[in-house]
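[1] Following is a predicted model, sequence given first.
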Amino acid sequence: MRWDGQKDGAAPQQALPGLPGLVRSVRTPEFADVVFHEVHAKSVLNKVPGSSPMPFKWTVNPYRGCSHGCTYCLAGDTPILMADGRAKPLVDVEVGDEVCGTEHGRYVRTPVLAHWRTVKLAFRVLLEDGAELVSSADHRFLTTDGWKHVAAGRCERPRLAVGDRLVGLGGFAEGPAETADYRNGYLWGVVRGGLATGPEALDRAERYAVADRDRVEWPVEPRDDWTKGFLSGVFDAAGECEDGVLRIRTDHPVVDAVVLGLKRLDFDCTVEDGVTSLRGGAVEALRFCHTVDPARSSARTITGAPVDTAIGVVGIRALGEDRQLFDITTGTGDFVANGVVSHNCFARDSHTYLDLDAGHDFDSQVVVKVNAAQVLTRQLRSTRWQREHVALGTNTDPYQRAEGRYRLMPGIIKALAESGTPFSILTKGTVLARDLPLLAEAAKSVPVGVGVSLALLDRELQQSLEPGTPSPQARLDLIRRVRDAGLPCGVFVAPVLPALTDSKEHLDALLGRIAETGATGVTALALHLRPGTREWFARWLLREHPDLLDGYRNLYGGGSYADKRYRTWLDAHLKPLLRKHGLAPKPNREATGVPGDGDGRWPDGALPDGVPTQRGIDRDQLTLL
């Protein structure tokens, strides 16, 4: 073993800048080309925000980072366009947030399904409007000629060059400072605009009025801050932005002040019948909203606007150092990063969701929370902890190969059991067998659920789809050992591949083998081709089964889900087979939607029995399917 990160004079690329709690970076012979970054985490118990089909609110993930090949990443300070038109640094974006993506040639609202971090060699992309982006070489931006990577990779691929034009709205404008002039201008604006409506605008007006009790006259020569505040207030009182067209409807005496204010800030407009319309479409509408910062979120969005503008690339430069980078997965497969359309990170989300690995269970950087058990023990002792269901296996497999070395799970299992906390584990890793005695002991104290994914029996097809993962027979043996230990075990048969693994003969044989292991339940899900997955699977299908391409195009169209008629057919196809093998779901069992199928159910045994369903959002759940 080489403890390269601990050597004096270690090369710069061994460092992991920006990762709190870093203890050391380690390379080991058994994991070629993988660096393990061992960290002391401050917290490992994660609350899942918002509302979702997922039946739990808490997760624990002892391993993080791009352990399944996530490489499409940007610097953490990259501003991301949120659905309400505001910008938020990428590092602060959370699962459940809504951002601006694109679909069918228009900007749309889309949820954040996952948030990643990694360490990669960094590149800087400079744009003609002065904006810049720091990303990995693998990151892709949408150009007028299609998606292109920032730099060359191991194999031939489209890559950016000076002169390319990136599709988007241009770099984001700087927001106003909340000076006394801005506050006074805002109050004049909401009054002259006819008084603001909506809680956000009313709250701001009340706060500004309390802060500035002295009456302020209309300025003879308004400063820029006052002008920004005035336009913000007028917009909150009488503005709208629809499909990227921004309008302000006011009485004629106010129109002149609005037009003068817009010209002072270098905006062009037209006026007709008391309606001031901003020229320049979504680009100028967004610049207006960022420049003056209206309070009303519902009025400042550019969703619905056409994606029809682009910005030129004037420079691409390797920075010569590794940096901590971040990325997100969204419902549309893209997002707007500092004004340009960016492809989201899909490698881990798609490959693990489908149980399809690109060839390695690990990419090149894995963050290991070496103190996970100790921190979890402390957190579970808190008097505020309500002993709610905790799910493991929601971001990365807790029984991935590295667990064989680090042995984090025994301490985590012990902490959960001793605190009286019910928990579930979702895995495809056969390392789980090592901890079966410990899990059986824990099940005497708390409800425990175990889930294993198994999509097919054909070894040749399995090797083609998921090289590097445990074989079907190894997973069948694992399910049997889980049941022999007295534990429940639900099995996810996912993905079911149309025309490849959906025949009655195949499903009958697969369910028969699963039933022989004593599995407590089965859920089968049709292939879900979310953005990113779709591209990966299309390449695989073209290489392995080109004769099926037309059929898949007809079945999926441009969407993520198989045609409803196919899913209905598959469900009808499966029900008698599940009954035949004694795997039919228990009656009156609550439907707890799973990613890729809002109507899907968790199989009996995969969740801790007798624990009330709790809702949170984490579309990154079930990443092992």
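    The structure has been received and is ready for your questions. Keep in mind that this is a model prediction, so the values were computed, not measured.

[2] Domain map for the chain?
    The record's domain parsing of the chain by automatic domain parsing lists 180-299, 352-364+371-580.

[3] in the chain, which residue is closest to the centre?
    Nearest to the geometric centre of the chain sits residue 114, at 2.1 Å (CA atoms, centre = their mean).

[4] List the beta-bridge partners for that one.
    residue 329 (DSSP bridges).

[5] just the one 5 residues further on next, same as before
    Taking DSSP bridges, one obtains residue 324 as the residues bridged to residue 119.

[6] do the one 5 residues further on as well
    Under the criterion DSSP bridges, residue 124 forms beta bridges with residue 134, residue 317.

[7] That one: what's it in contact with?
    When contacts are counted by CB atoms under 8 Å, 6 or more residues apart in numbering, residue 124 touches 132-134, 315-317, 319. All C-beta spots, glycine's among them, are computed from the backbone N, C-alpha and C.

[8] let's see 10 Å
    75, 132-135, 150, 315-319 (CB atoms under 10 Å, 6 or more residues apart in numbering).

[9] Please render these as TSV that adds neighbour count to the earlier fields.
    Output for the contacts of residue 124, formatted as TSV (neighbours: other CB atoms under 10 Å):
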residue	neighbour count
75	22
132	16
133	23
134	20
135	26
150	25
315	11
316	17
317	12
318	12
319	11
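
[10] which one of those sits closest to residue 491?
    For those, the minimum distance to residue 491 (CB to CB) is 39.0 Å, reached by residue 135.

[11] ok, for residue 542, nearest residue in space, not its chain neighbours?
    Once flanking residues are discounted, residue 542 sits nearest to residue 549: 6.3 Å by CB to CB, 6 or more residues apart in numbering.

[12] Can you report how many residues lie near the one you found?
    Number of residues near residue 549 (other CB atoms under 10 Å) recorded here: 12.

[13] do the same with residue 300
    Residues near residue 300, counting by other CB under 10 Å: 25.

[14] quick one: contacts for it?
    84-86, 232, 235-236, 239-241, 246, 285-286, 288-290, 292-294.

[15] Can you flag the buried ones in the residues you listed?
    Among the contacts of residue 300, those classed as buried by 16 or more other CB atoms under 10 Å are 84-86, 232, 235-236, 239, 241, 246, 285-286, 288-290, 292-294.

[16] Just the ones in helices from those residues, please.
    Residues of these located in helices (DSSP state H): 232, 235-236, 285-286, 288-290, 292.

[17] Check the domains of the chain for me: which has the lowest mean pLDDT.
    For the domains of the chain, mean pLDDT drops lowest on domain 352-364+371-580, to a mean of 88.

[18] how about the strands in the stretch 501-625 of the chain?
    Secondary structure of the stretch 501-625 of the chain (DSSP state E, counting those that start in this stretch): strands located at 521-526.

[19] ranges for the helices of it?
    Counting by DSSP state H, counting those that start in this stretch, residue ranges of the helices within the stretch 501-625 of the chain are 504-517, 533-544, 549-556, 564-580.

[20] Let's have these in TSV, adding distance to residue 332.
    Below are the helices of the stretch 501-625 of the chain laid out as TSV (distance: least, CB to CB, whole Å):
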stretch	distance to residue 332
helix 504-517	32
helix 533-544	12
helix 549-556	16
helix 564-580	20
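
[21] Kindly compare burial across these and name the winner.
    With neighbours taken as mean count of other CB atoms under 10 Å, the helices of the stretch 501-625 of the chain reach their highest mean count in helix 504-517, at a mean of 17.

[22] Now residue 218. Nearest residue, chain neighbours left out?
    Once flanking residues are discounted, residue 218 sits nearest to residue 188: 6.5 Å by CB to CB, 6+ apart.

[23] Tell me how many other residues surround the one you found.
    By other CB under 10 Å, 21 other residues sit near residue 188.

[24] How about residue 107?
    For residue 107, using other CB under 10 Å, the count is 27.

[25] Tell me how far it lies from residue 241.
    Separation of residue 107 from residue 241 (CB to CB, to the nearest Å) stands at 11 Å.

[26] again, but for residue 299
    Distance, residue 299 to residue 241, by CB to CB: 6 Å.

[27] hey, what's in contact with both of those two?
    Shared contacts of residue 299 and residue 241, defined by CB under 10 Å, 6+ apart, comprise 85, 235, 289.

[28] so the second one makes contact with residue 299?
    Meaning residue 235. Yes: judged on CB atoms under 10 Å, residue 235 makes contact with residue 299 at a distance of 7.0 Å.

[29] so can I have JSON lines of the shared contacts of residue 299 and residue 241 showing distance to residue 118?
    As requested, those are arranged in JSON lines below (distance: CB to CB, whole Å):
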{"residue": "85", "distance to residue 118": "29"}
{"residue": "235", "distance to residue 118": "40"}
{"residue": "289", "distance to residue 118": "32"}
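
[30] List just the nearest of those residues to residue 211.
    For these, the minimum distance to residue 211 (CB to CB) is 20.4 Å, reached by residue 235.

[31] Identify the residues contacting the nearest residue to the closest one once chain neighbours are set aside.
    Spatial nearest neighbour of residue 235, chain neighbours left out: residue 294 (4.6 Å); criterion: CB to CB, 6+ apart. By CB under 10 Å, 6+ apart, the contact set of residue 294 is 85, 186, 189, 196, 200-201, 204, 231-237, 239, 241, 288, 300.

[32] now swap in residue 369 and tell me
    21, 38-44, 60-64, 375-376, 406, 408, 412.

[33] Sort out for me which of those residues are in helices.
    Per DSSP H, the contacts of residue 369 map to helices at 375-376, 406, 412.

[34] Looking at the residues you listed, spot the one nearest residue 121.
    residue 406 (26.0 Å).

[35] residues near that closest one, how many?
    With neighbours defined by other CB under 10 Å, the count for residue 406 comes to 17.

[36] same check, this time on the one 4 residues further on
    Here the neighbour count serves as a burial measure; for residue 410 (other CB under 10 Å) it reads 14.

[37] Measure how far the helix or strand where it lies is from the centre of its chain, please.
    Using DSSP states H and E, residue 410 falls within helix 409-418. Chain-centre distance of helix 409-418: 28 Å, with CA atoms, centre = their mean, to the nearest Å.

[38] helices or strands up against it?
    strand 58-60, helix 372-380, strand 390-392, strand 423-427, helix 436-442, strand 448-453 (3 or more CB pairs under 10 Å, 6 or more residues apart in numbering; DSSP states H and E).

[39] before we move on, back to that, for the residue nearest to residue 542, what are its contacts?
    Neighbouring residues of residue 549 by CB under 10 Å, 6+ apart: 538, 541-542.

[40] How about residue 447?
    Neighbouring residues of residue 447 by CB under 10 Å, 6+ apart: 389, 421-424, 488, 607-611.

[41] which residue packs closest to it, ignoring adjacent ones?
    For residue 447, the spatially nearest residue (CB to CB, 6+ apart) is residue 608, at 3.4 Å.

[42] Number of residues surrounding the one you found?
    For residue 608, the count of nearby residues is 22 (other CB under 10 Å).

[43] got a list of what it touches?
    55-56, 389-391, 421-424, 443, 446-450, 488 are the contacts of residue 608 under CB under 10 Å, 6+ apart.

[44] Which of those sits closest to residue 370?
    The nearest member of those to residue 370, counting by CB to CB, is residue 390 at 19.5 Å.

[45] Many thanks, I have nothing further to ask.
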